[in-house]
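Participant: got a sequence here, can you model it:
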Amino acid sequence: MDNGNPNSGNMNRETNKSEGRRNLHRRAARRPSQLGAAKDRQPEARRAPARDAQDSHPAQKTQPNIPSGRPGSDSKSGGANHRADERLPVTGSPREQLRRLELDGARLPQADIARRNTGKTDVARPVQAPLPREVQFEAPVIDPEILRRSASERQRQPDGRTVGRSKIYATSDIAETKANVARPAKPLPQRAAGSASGGKIRVGYKRADEFLPEKLTVTGDKRVITESSDIEDEEIDIDEADSEPARRGSALSSLLKAIVYIVFVLTVSAFLSFFIISIGNDIFAFVKPNIETTVTVPEFATIDNIADILSEKGVIKYPFIFKLYAVLRNDNGAFVEGEYVVTPSMSYDQLRAALKGPVQEREQISITIPEGYTVDQIIDLFVEQHGMGTREGFINAIENGKFDYWFLEDLQPKEGRKYRLEGYLYPDTYYFFTDWSEEQILRKFLNNFNSKFDRSYEERCKELGMTVDELITLASMIEAEGKFTYEFGAISAVFHNRLNNPSVTDGKLESDATIQYVLPERHEELTTDDLVLDSPYNTYRYPGLPPGPITNPTINAIHSAMYPDDVNYYYFVARPNGQNLFAVTYQEHLVNKRQAAEERAAMKSQQ
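Facilitator: Next up, the predicted model:
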């Protein structure tokens, strides 16, 4: 080349332009490390003006295959000579890679850029600028929130459009074009409500040439039209525009539920706390008035009775808790009868201890009441043999004592009745404290009778046309006449037959035991004067039952009085050994009487 040729300078400048365009594509295909190293090694060469390139080595010597722009030059040889192993992924986002390309283009000589801009370009014809396919990278997952903020910033522009520069590079015959493209401010699509993707954009991983658009077309009105191949793996699932109100409604609903739950928990906790504090105060009497109250503990009172009494008097508030507390404390329920002065300020333990009386040793004795004993015999047993009570005290308690038992409610003593409670002092073995009063002793007898005589027996009495007291009277006569229990049914049949058929004996029961009951002293055999004794208990003289029981019968005699044997006996007579001879007619009865008399005479002769 001739240095004196005036065109030599122009040739050097054309060589530099071709070299700059070729280096642009080489930079895009380099590895990130190589690109950075090249920048470090040749910082000055990139900033050198076009005239410095004339003094350096010719471009054909350093890079012989760079096209010069003249006919016949090879414009595609620049990227074909690179090896495939140099196409490694470039780190960074796609936006960052494009920015690097823009920076590299900006470093070209200004004169060269101005000369390219002076080229004639058909405005009506779209410019097609394919991006280099050697650029490869992986698309990261894009946060939709960043995209929304970017869209919001674009919408805040005065004209609703965001202006940005976009450089379109062309290889081969297409001139490199740099244009300012105005992009419309378009809101991002939102994910539909209820979508499972959670509002994220899912982008499939593609090669750079598949992910980036194939062509970017710039129209005359500075709009960019993207012509890209179909991307099958790209999926976009963003919330719809109405997701924000739905999200705010869901948050408000959650807040209301939380408030309702907290209010419910606090209300329940308040009620439980008040109840627990009230029960604790009732048990331990932390804050209770100190008002003296008199309570009466009945005999044989149980823990249930004590709880009800204390609750009625206002000493305790929760009787059920008092019972439960006594059970948990293994209370034996041995409360002592009497009157006590207590206060609500006493705890449950103090109340239980106070109502059990002072702890002291008490003498206890066992007394057996034989079958068929009368009230007089029972009084003599207690007063004379055991020194408990007095005769006057027992008689006063029998006649005037207040006893709350159902079988005594309808008791109306008849005229001539000897003792009101005769027949109800059930014969049995008992344990008594020696310091008990006469009324306490009688109450224990009545408790035992109440446990033996079931209330259902009252219905049987009505079936027989009798009252409970009349049935007990008949049972007492059976108990006094019979020595052996197997004869109780036959004796009961004789009395029932006479009461039901009064024409046979004029309704008279003719029982020796009724006369023996009123005699001052018991006779072994009744005399003629005894048989004509004027007493309502003389069943030889007065028909029907006597005014009251003549002894205290057992449950066997009571059961026989309710269910007599099905026999037609009207008479019976006792033998010396205690057995009875029964007869239907009076003639048979006379024969039985002679037999019994002969046996008694024989027994006396043997003595």
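
Participant: for residue 432, helix, strand, or coil?
Facilitator: Put simply, residue 432 is strand when judged by DSSP: H, G, I helix; E, B strand; the rest coil.

Participant: tell me where the model's unsure across the stretch 101-250 of the chain.
Facilitator: Within the stretch 101-250 of the chain, the stretches with pLDDT under 70 are 101-144, 154-244.

Participant: in the stretch 401-550 of the chain, which spans are helices?
Facilitator: 438-452, 457-463, 468-481, 488-500, 502-505, 512-518, 528-531 (DSSP state H, counting those that start in this stretch).

Participant: what's around residue 557, how many residues?
Facilitator: With neighbours defined by other CB atoms under 10 Å, the count for residue 557 comes to 26. For every residue, glycine as well, the C-beta is placed using N, CA and C.

Participant: mind listing what it touches?
Facilitator: Residues in contact with residue 557 (CB atoms under 8 Å, 6 or more residues apart in numbering) are 475-476, 478-479, 482, 488.

Participant: equivalent analysis for residue 526, please.
Facilitator: Contacts of residue 526 (CB under 8 Å, 6+ apart): 512, 515-516.

Participant: check residue 445 too.
Facilitator: 369, 424-426, 430.

Participant: could those residues be laid out in TSV, adding neighbour count?
Facilitator: Listed next are the contacts of residue 445 as TSV, based on neighbours: other CB atoms under 10 Å:
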residue	neighbour count
369	19
424	27
425	25
426	23
430	16
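
Participant: and of the residues you listed, the nearest to residue 273?
Facilitator: residue 430 (52.2 Å; CB to CB).

Participant: any idea of the pLDDT on the closest one?
Facilitator: If you check residue 430, the pLDDT there is 95.

Participant: sec struct for the nearest residue to it once chain neighbours are set aside, please.
Facilitator: Closest residue to residue 430 apart from its sequence neighbours, by CB to CB, 6 or more residues apart in numbering: residue 367 at 5.6 Å. Assigned with three-state DSSP, residue 367 falls in the strand class.

Participant: count of neighbours near residue 367?
Facilitator: Residue 367 is flanked by 16 other residues according to other CB under 10 Å.

Participant: any idea of the pLDDT on it?
Facilitator: In this model, residue 367 is scored at 94, pLDDT.

Participant: what sits against it?
Facilitator: Counted by CB under 8 Å, 6+ apart, residue 367 has contacts 381-382, 386, 429-432.

Participant: closest one of the residues you listed to residue 527?
Facilitator: residue 381 (28.4 Å).

Participant: between the contacts of residue 526, which is nearest residue 419?
Facilitator: Among the contacts of residue 526, residue 516 lies closest to residue 419 (CB to CB), at 15.5 Å.

Participant: just give the nearest non-adjacent residue to that closest one, would you?
Facilitator: residue 522 (5.4 Å).

Participant: so which bits of stretch 444-460 are buried?
Facilitator: Residues 444-450, 453, 457, 460 are the ones in stretch 444-460 that count as buried (16 or more other CB atoms under 10 Å).

Participant: rewinding a little: nearest to residue 606, of the contacts of residue 445?
Facilitator: Checking the contacts of residue 445 against residue 606 with CB to CB, the nearest one is residue 369 at 34.1 Å.

Participant: shouldn't the closest one be in contact with residue 380?
Facilitator: No. Assessed by CB atoms under 8 Å, residue 369 is found out of contact with residue 380, at 11.7 Å.

Participant: can I get the buried residues of stretch 444-460 in a markdown table including distance to residue 589 and pLDDT?
Facilitator: Listed next are these as a markdown table, based on distance: CB to CB, whole Å; pLDDT from 0 to 100:
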| residue | distance to residue 589 | pLDDT |
| --- | --- | --- |
| 444 | 43 | 94 |
| 445 | 38 | 96 |
| 446 | 39 | 95 |
| 447 | 42 | 94 |
| 448 | 38 | 95 |
| 449 | 35 | 95 |
| 450 | 39 | 93 |
| 453 | 33 | 93 |
| 457 | 32 | 93 |
| 460 | 30 | 94 |
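
Participant: could you list the low-confidence segments of the stretch 351-500 of the chain?
Facilitator: 358-361.

Participant: tell me where the protein has strands.
Facilitator: Applying DSSP state E to the chain gives strands spanning 127-128, 161-168, 177-184, 215-218, 224-227, 293-297, 338-342, 364-368, 429-433, 571-574, 580-583.

Participant: before we move on, the earlier item: mark which of the contacts of residue 526 are buried, thanks.
Facilitator: 512, 515-516.

Participant: just give me the closest of the residues you listed to residue 390.
Facilitator: Taking CB to CB as the measure, residue 390 lies nearest residue 516 of these, at 25.9 Å.

Participant: quick one: average confidence on stretch 269-276?
Facilitator: Rounded mean pLDDT across stretch 269-276 is 88.

Participant: let me see the domain layout of the chain.
Facilitator: 1-92, 119-241, 293-354, 457-606 (automatic domain parsing).

Participant: can you list the contacts of residue 445 in TSV and add distance to residue 597?
Facilitator: TSV is the format used below for those (distance: CB to CB, whole Å):
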residue	distance to residue 597
369	34
424	37
425	36
426	36
430	41
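
Participant: widest-spaced pair of these?
Facilitator: That would be 424 and 430, which, of those, are the farthest apart (CB to CB) at 14.4 Å.

Participant: for residue 441, give me its contacts.
Facilitator: Contacts for residue 441 were tallied using CB under 8 Å, 6+ apart; they are 382, 388-389, 394, 432.

Participant: of the residues you listed, which is the most crowded?
Facilitator: residue 394 leads the contacts of residue 441 on contacts (other CB under 10 Å) with 25 neighbours.

Participant: thought that one was touching residue 442?
Facilitator: Yes. The pair residue 394 and residue 442 qualifies as a contact (CB under 8 Å) at a distance of 7.5 Å.

Participant: ok, now which ones touch the closest residue to residue 538 other than its chain neighbours?
Facilitator: In space, residue 538 comes closest to residue 515 once its chain neighbours are excluded; the distance is 5.5 Å by CB to CB, 6+ apart. Residues near residue 515 by CB under 8 Å, 6+ apart: 526, 530-531, 533, 535, 537-540.

Participant: picking up where we left off before, how many residues are close by the residue nearest to residue 516?
Facilitator: 7.

Participant: measure residue 585 to residue 263 for me?
Facilitator: As judged by CB to CB, to the nearest Å, residue 585 and residue 263 stand 94 Å apart.

Participant: so those two - more neighbours on which side?
Facilitator: Neighbour tally, residue 585 and residue 263, criterion other CB under 10 Å: the higher count belongs to residue 585, 13 against 10.

Participant: now do the contacts for that one.
Facilitator: 570-571.

Participant: show the backbone phi and psi for it.
Facilitator: Torsion angles at residue 585 (phi, psi; degrees, to the nearest 10) stand at phi -110, psi 170.

Participant: ok, it to residue 298 distance?
Facilitator: For residue 585 relative to residue 298 (CB to CB), the value is 56 Å.
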